[in-house]
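K.L.:
build me a structure from this.
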Amino acid sequence: MPQYDSSKIRRQIEFFKKHIERTCSSIHNTLAEYKVDIKHPNLAQLVDDQLESLRLDLQMLRSSLLKEYEKIAALHEEWATMQQSSSQEAEIFDNYVTRYGDFRTSVHQALPTQKTWIFYSTKSTQNFTNAISPYPQVHRT
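P.N.:
I've put the predicted structure just below:
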């Protein structure tokens, strides 16, 4: 039976989780700079140049958020595969979630607000919306 070690995956997951949190914070800060309320958006006060700048800023943040999400999802998938093959890794995962919190939940809690705002960065939000699907469940035998 192969030996598994998820320590590198766990470190990378924490790294990308923090990046996602920072990117989400940057989205809020960007909207605040343009004096746009995230809960009640009104872009009427923005002139064309400001609107285009806001769109470009949010598009850059959207791209970053999507890349970070894809990386953390791939890491989770890799770790889930390890868990299916090793009861020790399944136990490590459970201990990790107990100690540090469930990164899947925290990432998904951060994203819904951002999905609303991604609309303003580009009209083609379908790829982003499709990418933010629930993490696959780990099926343990």
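K.L.:
now for the helix ranked longest in the chain, which elements pack on it?
P.N.:
Taking DSSP state H as the criterion, the chain has its longest helix at helix 48-85. Identification of packing neighbours for helix 48-85 by 3 or more CB pairs under 8 Å, 6 or more residues apart in numbering; DSSP states H and E yields helix 7-33, helix 87-100, helix 103-121, helix 126-131. Heads up, the C-betas are built off the backbone N, CA and C, glycines and all.
K.L.:
cutoff 6 Å now
P.N.:
Here helix 48-85 touches helix 7-33, helix 87-100, helix 103-121, going by 3 or more CB pairs under 6 Å, 6 or more residues apart in numbering; DSSP states H and E.
K.L.:
quick one: mean pLDDT for the shortest one?
P.N.:
For helix 87-100, the mean per-residue pLDDT is 92.
K.L.:
would you mark the buried spots in it?
P.N.:
The neighbour-count check on helix 87-100 (16 or more other CB atoms under 10 Å) flags 89, 90, 92, 93, 96 as buried.
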